[in-house]
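Q: here you go, sequence then predicted model.
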Amino acid sequence: MTLLDLKMGEEGTVLDFIDENAHLRRLREMGMSKGTRLRMVRYAPLGDPIEIEIRGFHLSIRKVLAGKIMIEKRA
């Protein structure tokens, strides 16, 4: 599943990245590495971007980028 499959308030763990590009490298530099836990905070009113909480800070990312982040949903 990808980050887009989480509903508001749900949590997950980063497993892998589908594609390699500069945006994903930047996310890794900001601390989004394999095994990192995150929480879906909210979707923008029109659905894009999305806001997640990761390592204690809030981050907004585009849906196209979120669709390239493989996660495991936490129960």
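A: Good, I have the coordinates.
Q: contacting residues around the lowest-mean-pLDDT helix or strand in the chain?
A: One helix or strand of the chain scores below all others by mean pLDDT, DSSP states H and E: helix 22-29, with a mean of 86. Helix 22-29 is contacted by residues 17, 61, 65, 68-69 when judged by CB atoms under 8 Å, 6 or more residues apart in numbering. For glycine as for every other residue, the C-beta is placed from the backbone atoms N, C-alpha and C.
Q: farthest-apart pair in these, please.
A: 17 and 61 (12.5 Å; CB to CB).
Q: now do the helices in the chain.
A: In the chain, the segments counted as helices under DSSP state H are 22-29, 63-66.
Q: looking at those, which one is packed in the most?
A: Sort the helices of the chain by mean neighbour count, taking mean count of other CB atoms under 10 Å, and helix 63-66 sits at the top with a mean of 16.
Q: elements contacting that one?
A: helix 22-29, strand 50-54 (3 or more CB pairs under 8 Å, 6 or more residues apart in numbering; DSSP states H and E).
Q: closest to residue 3 out of these?
A: strand 50-54 (7.2 Å).
Q: sheet-wise, list the partners of that closest one with their directions.
A: Neighbouring strands of strand 50-54 in its sheet, by DSSP bridges, are strand 37-43 (antiparallel), strand 57-61 (antiparallel).
Q: which of the residues in that strand are buried?
A: 50, 52, 54 (16 or more other CB atoms under 10 Å).
Q: thanks a lot, catch you later.
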